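1. how would this look folded up:
(2 chains)
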There are 2 protein chains.
Amino acid sequence: MTSNLTNRSVILSNRPKGIPQAEHFAVQESPVPDLPDGCILVKTSYWSADPAQRGWANDAPNYLPPVEIGAAMRGFAVGEVVASRNPNYAEGDLVSGMLGWSRYAVSDGSNVDRKVTETDLSPSMSLGILGLNGVTAYFGLLEVCGAKEGDTVVVSTAAGAVGSAVGQIAKIKGCRTVGITSSAEKMALCTDKFGYDETINYREQDVAEAIRVACPDGVDCYFDNTCGPISDAVMTQLAHGARVAICGTAALSDWDPIPLGPRVHRQLLVARARMQGFIAFDYQARFPEAVAQLSEWVRSGKLSANEHVLEGAEAARDAIAMLYRGENTGKLLIRVD
Amino acid sequence: MTSNLTNRSVILSNRPKGIPQAEHFAVQESPVPDLPDGCILVKTSYWSADPAQRGWANDAPNYLPPVEIGAAMRGFAVGEVVASRNPNYAEGDLVSGMLGWSRYAVSDGSNVDRKVTETDLSPSMSLGILGLNGVTAYFGLLEVCGAKEGDTVVVSTAAGAVGSAVGQIAKIKGCRTVGITSSAEKMALCTDKFGYDETINYREQDVAEAIRVACPDGVDCYFDNTCGPISDAVMTQLAHGARVAICGTAALSDWDPIPLGPRVHRQLLVARARMQGFIAFDYQARFPEAVAQLSEWVRSGKLSANEHVLEGAEAARDAIAMLYRGENTGKLLIRVD
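-> Sure thing, here's the model as predicted:
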């Protein structure tokens, strides 16, 4: 029933060390196989490019095994069910999940995160503000950092897909927000669109000094998307009882061997502070709660997101590297309509 | 009423950078002043030497202001109330607290941690297993690490005053215990007296490899008394959801500038692990609960401590440096009877 269709995937063609570049990927066509019993065929419309894909493409310890050479790149996608041999899904259902960077994805449902039911909003949102980025911000800020009214919250990659959601949710919760970003354009975006109280340009300012001025009582919560020198600077300004959520390590391209940096132990001890690593999947059972809340904030205009959409599979090859070059101006997506 | 007494104190005579040595202290005699209203005069019998005193003697960010040059060294002591103008204390009461390294201490009660009521046990215990060391182990292990039955608990300075209490409390709670120490003699002590399941000599073994062998399912709780290379090795072996309590940083003699070490961010992220700094005073309101429980374990023979007693004020001058040289064979005390 589906064998006359041609699939088009972005495969990992060779193994990167560090940030995967365009040369590590290839676009490959292949026939769409017959649909096995229990499976659905999803015609994807948007693919997501995420910093986590760096880790998945590398052969280094990670929370998931590395993507195999020759396989479609692991990644999030949203699409419509165009054929179903699974009683839980009907043709026309919109689903999102780790469907991979393929035009047609065969799934037994195990890699479907959810049916997208907020059909009044763009399906692309299910890959960003209503997807992994949104729930990462939601649980990282509210559970891992335990942010509460009156806290001073510092966010790195403040204009990014996760960071901008963190900043906005923190404002909704009554926090003071300080965003660290990389250009005057992004600083304006942080202030005008994402409502940050203060913004810092790490390329032009002394971050530790700027944080000291922006946070005279210290940093209560630090949502760390970067690691590296930005993180080192924030760690010098922790308030008593500070909570640091380690969400990503985008500033460092290679973890083999483990890079050196200033030891955090004394700062954690003096501030009685906590650092904790997390990934959104740790909270997967609570995704519906988060998506419902995030959707409500989007509809009421309290929460918004920029999208940066690349066109077509070929453009996906450079997408992860583009993230790490900081060139995207919003959630980076590939449209494959 | 007290002015005919001569006091004898160990004062901080000049400012160390890093570990305070004998040359940074002097023994000084002075008259005991008349006792102000509301105060007590305590004749101390034991002084405590603690790693935290390094931080108090240095002029660097700490949870307490630095000890002033010329002042008696800040430190814990236990002694008998020999005169009281405070209705809360009677002559003959035994009190412990941060009374300082002085033969006679005048106190308004604010630096008295508690009256020592377990008079069936040696008063010296109130400075160790029933004092700051014991409550540090108790709250660090049970609250900060959240150790529970079945956890694998790794302890650095495993034979030390805090570490040996951590190891024993972990065993009482049904954990598997792995102690890291510095000599064959201390390894035997760990096994024979403190009940560790496994011991590692960091001076002779590859700690990361030894931990990997001793903890095949990874480290659930790490009670970090050292920072430095031992900590770096343990951090490579964290179990999913591991908790690291930062109690001390004895392996590093200087935090100005902040020393470099392998960045912990990726390990915290991959393991979904937590690192948290704490000091026992954070739990001061719950000290009575801890001391009651610890005393009960001491009486029932489940919990014991070695003491290493130096004689007289002059010996106190080298005591902190001795701790950092690892020469003490138990809780280091100075007897000033």
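
2. near chain B, which residues of the stretch 1-150 of chain A? Just list them.
-> A:Pro61, A:Asn62, A:Tyr63 (CB under 8 Å from any CB of the partner chain). Placement of C-beta: from N, CA and C, glycine included.

3. just the buried ones from these, in ChimeraX syntax?
-> In ChimeraX, a selection of the buried entries from the residues of the stretch 1-150 of chain A next to chain B looks like this (16 or more other CB atoms under 10 Å in any protein chain shown):
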select /A:62,63
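
4. with pLDDT and distance to A:Ala316 as extra columns, can I get the residues of the stretch 1-150 of chain A next to chain B in CSV?
-> Below are the residues of the stretch 1-150 of chain A next to chain B laid out as CSV (pLDDT from 0 to 100; distance: CB to CB, whole Å):
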residue, pLDDT, distance to A:Ala316
A:Pro61, 73, 26
A:Asn62, 75, 21
A:Tyr63, 73, 23
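
5. what is the nearest of the residues of the stretch 1-150 of chain A next to chain B to B:Ala233?
-> A:Pro61 (15.6 Å; CB to CB).

6. ok, that closest one - contacts?
-> B:Val270 (CB atoms under 8 Å, 6 or more residues apart in numbering or on different chains).

7. adding secondary structure, write the residues of the stretch 1-150 of chain A next to chain B out as TSV.
-> Listed next are the residues of the stretch 1-150 of chain A next to chain B as TSV, based on DSSP: H, G, I helix; E, B strand; the rest coil:
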residue	secondary structure
A:Pro61	coil
A:Asn62	coil
A:Tyr63	coil
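
8. of all of the stretch 101-250 of chain A, which residue lies closest to chain B?
-> Closest residue of the stretch 101-250 of chain A to chain B, CB to the nearest CB: A:Cys227 (4.5 Å).

9. grab the nearest non-local neighbour of that residue.
-> Closest residue in space to A:Cys227, ignoring its immediate chain neighbours: A:Thr249 at 3.9 Å, by CB to CB, 6 or more residues apart in numbering or on different chains.

10. burial measure for A:Ala292, as a count.
-> For A:Ala292, the neighbour count with other CB atoms under 10 Å in any protein chain shown is 12.

11. so what does it have for phi and psi?
-> phi -60, psi -40 (degrees, to the nearest 10).

12. ok, A:Ala71 to A:Trp297 distance?
-> The gap separating A:Ala71 from A:Trp297 is 36 Å, by CB to CB, to the nearest Å.

13. out of those two, which sits in the busier spot?
-> Under the neighbour definition other CB under 10 Å, A:Ala71 and A:Trp297 were set side by side, and A:Trp297 has more, 18 against 13.

14. just give me how far the one helix or strand the more buried one maps to sits from the chain centre.
-> Assigned by DSSP states H and E, A:Trp297 belongs to helix A:287-299. Chain-centre distance of helix A:287-299: 16 Å, with CA atoms, centre = their mean, to the nearest Å.

15. where does chain A dip in pLDDT?
-> A:1-3 (pLDDT under 70).

16. in space, what's closest to the residue nearest in space to the middle of it - neighbours in sequence excluded?
-> When CA atoms, centre = their mean is applied to chain A, the residue found nearest the centroid is A:Asn133 (4.1 Å). Of all residues not flanking A:Asn133 in the chain, A:Ala161 sits nearest, at 4.2 Å (CB to CB, 6+ apart).

17. ok, how many other residues are close to that neighbour?
-> A:Ala161: 31 neighbours (other CB under 10 Å).

18. just to check, it is in contact with A:Leu332?
-> Yes. The pair A:Ala161 and A:Leu332 qualifies as a contact (CB atoms under 8 Å) at a distance of 7.3 Å.

19. now do the strands in the stretch 51-200 of chain A.
-> A:77-84, A:94-97, A:104-107, A:112-115, A:152-156, A:176-181, A:198-201 (DSSP state E, counting those that start in this stretch).

20. contacts for the first one?
-> With CB under 8 Å, 6+ apart as the test, strand A:77-84 has contacts from A:1-2, A:35, A:40-48, A:89-102, A:104-105, A:116, A:123-124, A:126-127, A:131.

21. then that strand to PDB, C-alphas only?
-> In PDB, the C-alpha atoms belonging to strand A:77-84 read as follows (Å, rounded to 0.1, in the frame of the first residue of the first chain):
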ATOM      1  CA  ALA A  77       9.700  15.700  13.600                       C
ATOM      2  CA  VAL A  78       6.000  16.400  13.300                       C
ATOM      3  CA  GLY A  79       3.800  15.000  10.600                       C
ATOM      4  CA  GLU A  80       0.500  13.500   9.600                       C
ATOM      5  CA  VAL A  81      -0.400   9.900   9.800                       C
ATOM      6  CA  VAL A  82      -1.000   8.900   6.200                       C
ATOM      7  CA  ALA A  83      -1.500   5.100   6.800                       C
ATOM      8  CA  SER A  84      -2.200   3.200   9.900                       C
END
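
22. note down every partner strand of it and its orientation.
-> strand A:40-48 (antiparallel), strand A:94-97 (antiparallel) (DSSP bridges).

23. what's opposite A:Gly79 in the beta bridge?
-> Bridge pairing for A:Gly79 - DSSP bridges - gives A:Thr44, A:Val95.

24. next, count neighbours for it.
-> 28.

25. gap between it and chain B?
-> Shown here: A:Gly79 relative to chain B, a distance of 29 Å by CB to the nearest CB, to the nearest Å.

26. can you check A:Leu303 too?
-> Taking CB to the nearest CB, one finds A:Leu303 at 25 Å from chain B.

27. again, but for A:Ala72
-> 24 Å.

28. ok, now A:Phe76?
-> From A:Phe76 to chain B the distance is 19 Å (CB to the nearest CB).

29. what's near enough to touch the residue nearest to that residue when sequence neighbours are not counted?
-> Nearest residue to A:Phe76, sequence neighbours excluded (CB to CB, 6+ apart): A:Ser48, at 3.9 Å. Residues in contact with A:Ser48 (CB under 8 Å, 6+ apart) are A:Gly75, A:Phe76, A:Ala77, A:Leu127, A:Gly128, A:Gly131, A:Leu132, A:Lys331, A:Leu332, A:Leu333, A:Ile334.

30. A:Ala251 too?
-> A:Thr226, A:Cys227, A:Gly228, A:Pro229, A:Ile230, A:Ser231.

31. got a markdown table for the strands paired with strand A:77-84, with distance to B:Pro259 too?
-> Listed next are the strands paired with strand A:77-84 as a markdown table, based on distance: least, CB to CB, whole Å:
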| stretch | distance to B:Pro259 |
| --- | --- |
| strand A:40-48 | 39 |
| strand A:94-97 | 44 |
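
32. minimum distance to A:Ala137: which of those strands has it?
-> strand A:40-48 (14.8 Å).

33. and the closest one, how far from the chain's centre?
-> The answer for strand A:40-48 is 18 Å, by CA atoms, centre = their mean.

34. with stretch A:158-168 instead?
-> 10 Å.

35. stretch A:128-139 too?
-> Using CA atoms, centre = their mean, the offset of stretch A:128-139 from its chain centre is 7 Å.

36. same question for stretch A:299-317.
-> Counting by CA atoms, centre = their mean, stretch A:299-317 comes out at 12 Å from the chain centroid.

37. quick check: closest non-adjacent residue to A:Gln168.
-> A:Leu303 (5.1 Å).

38. next: A:Gly241.
-> A:Arg272 (5.6 Å).

39. before we move on, back to that, quick one: which of the residues of the stretch 1-150 of chain A next to chain B is nearest A:Pro20?
-> Nearest to A:Pro20 among the residues of the stretch 1-150 of chain A next to chain B, with distances taken as CB to CB, is A:Asn62, at 13.3 Å.

40. alright, calling it a day.
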